[in-house]
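*Asks:* model this:
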Amino acid sequence: MAGKVALLLWAQTLGLAGAQTTQLLVKPPWRPAVLWDGVTLMCQGSGTAGATIWYKDGKHWGQKRRDHITVTESGTYECHRPGSGLSPPVTVSDGDRSPLSPDGLVLQVPVRALLEGDTVTLRCRGRWNRTVTSVSFYREGTELRGLRDGAELSLSPLQLNHSGRYSCKGWVKYWAWQQSAPVTVTVHELFSVPVLVLEGPPEITEGSPLTLSCRSTPSPLRPPAPLLYLFYQDGRVLGGPQGSPQLLLPAVGVSHSGNYSCEAQSQGGTVRKSSARLRVTVHMPVANATITPGPLAHQVHTGDNVTLRCSVQVGSAPVTFTWLHNGQEVAQGPLLELRDIDVGHSGTYQCVATNQLGQDGHRVFRALSPELALEVTPQGHRNTAVAVNVGRALLFLLLLLAVIGGCHWWHRRDPPEQRAALTTHIMGTEGAAGPPEVSPRPAPPRDPQVTNAELSGPQKGQRDPRDYENVL
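*Replies:* Numbering: from 1, shown residues only. The predicted model follows:
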């Protein structure tokens, strides 16, 4: 039963591989085929089974007009169908006279197409099923260690680098070392290396959708199996694993710019393949144009040099700049250099930033900066202002010097002895109410040896001699 299933699968494979071509199927499905396995050959192609023509060793074998035969003789067999032509040849060996196994050992490989991810077993057999021990396997003449299991070699999962020429060596019963003829193993791709494609317009603008498609072609040697897809942006998983080969981002922004790639893998992940990187750039309309003044302030003077710079916060290159003076275009480029300016340069300045996006630049975006007011002052006004300021400073210095001189003169006006003679005369009556009277008059000059004092007596007009007293 297992042999019938294998034969059917191989028939499907060959039918997919070569549409409307004649194929010669082998049961049991091993190559090279050997007589002691009781080989049956089946011719598959267009037309009726009765129209099948068989060939052995290049010669017409006309007595066989059925679509299948049982082989009893070694040789090379072919079949022909009227609608699909001649099949590829199949060789059946008896194990001792065939050049495929001159020493009595045969290394057999499954006849089905071998694809990535498969598990395949190579078996080393003695002629007419003689026992083989101490078997070693070789690939391109190099011994394979750690892979053999008795007389069989298992390769799983198959990879493309498993392709090559294999042989085996072993001890055959009756004490003889034997080595098989080489057999070629070809591993086919399960699916092609994926290619990441950007669907839609080649230029992506902010807010527009982004569709990525991971395209991979399945092998024609086998019915296509479902694959899983993953999508990456700058090495980080963006989507998947998923059954759909497409990834849709409904609205992209500047953060979606980067390197994208995709990975296709078989169910179970035994075969994985990654695409090359695809650079995606999200183009941004210009926005937030600003003017940066040069080294001078907004108020400048005639003869000065002024440099203004226009820049944008966002905007994909190329960006062009246009300068407006009082609403009129005056220059192009990101810099506006005004040399030896005069009063005519006064006014408002603006810059217009422009970029073109979309295929063939059919979408134009503009950003207008705020106004910058520039006031140019004539050179003479500046000199007058300087003179006024200098005059004010000199006047202040003169007033300060006058105050200092007046204070100095006040202190030096009278000699010290005169300033000491200045006294305050206080007159008052004992018991009288009210504050004393202060007389600022200076005291009369005195004799240095005599001091006279007049005292009021009890009666007006009378003098008592005792009222006078000489005071030394």
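*Asks:* hang on, V376 packs against G347?
*Replies:* No. Assessed by Cβ atoms under 8 Å, V376 is found out of contact with G347, at 9.0 Å. Where you see a C-beta, it was placed from the backbone N, CA and C, and this is true even at glycine.
*Asks:* who has more neighbours out of the two?
*Replies:* Comparing V376 with G347 by other Cβ atoms under 10 Å, the one with more neighbours is V376, at 20 against 16.
*Asks:* now do the helices in the protein.
*Replies:* With DSSP state H, the ranges of helices along the chain come out as 2-17, 379-411, 416-421.
*Asks:* can you flag the weakest of the ones you listed by average pLDDT?
*Replies:* Looking over the helices of the chain, mean pLDDT reaches its minimum on helix 2-17, with a mean of 42.
*Asks:* so how far is stretch 57-73 from its chain's centroid?
*Replies:* 66 Å (Cα atoms, centre = their mean, to the nearest Å).
*Asks:* report the buried residues of it.
*Replies:* W61, K64, D67, I69, V71 (16 or more other Cβ atoms under 10 Å).
*Asks:* these: which two are farthest apart?
*Replies:* Using Cβ to Cβ, these reach their maximum pairwise distance at D67 and V71, which is 14.5 Å.
*Asks:* spatially central residue in the protein, please.
*Replies:* G258 (4.1 Å; Cα atoms, centre = their mean).
*Asks:* give me the phi and psi angles of the nearest residue to that one once chain neighbours are set aside.
*Replies:* Spatial nearest neighbour of G258, chain neighbours left out: D234 (4.5 Å); criterion: Cβ to Cβ, 6 or more residues apart in numbering. Note on D234: backbone dihedrals following degrees, to the nearest 10 are phi 50, psi 40.
*Asks:* can you check S275 too?
*Replies:* According to degrees, to the nearest 10, S275 has phi -80, psi 170.
*Asks:* what separation do you get for it and Y232?
*Replies:* 9 Å (Cβ to Cβ, to the nearest Å).
*Asks:* and for V306?
*Replies:* V306 is 51 Å from Y232, by Cβ to Cβ.
*Asks:* same check, this time on T119
*Replies:* 30 Å.
*Asks:* the two: who's more crowded?
*Replies:* Ranked by neighbour count (other Cβ under 10 Å), T119 and Y232 place Y232 first, with 20 against 11.
*Asks:* tell me how many other residues crowd the spatially closest residue to the more buried one that is not a sequence neighbour.
*Replies:* Once flanking residues are discounted, Y232 sits nearest to S261: 4.9 Å by Cβ to Cβ, 6+ apart. For S261, the neighbour count with other Cβ under 10 Å is 20.
*Asks:* and for the one 10 residues further on?
*Replies:* A count of nearby residues for V271, using other Cβ under 10 Å, gives 22.
*Asks:* that one contacts L160, correct?
*Replies:* No. Look at V271 against L160 with Cβ under 8 Å: they stay out of range, at 9.9 Å.
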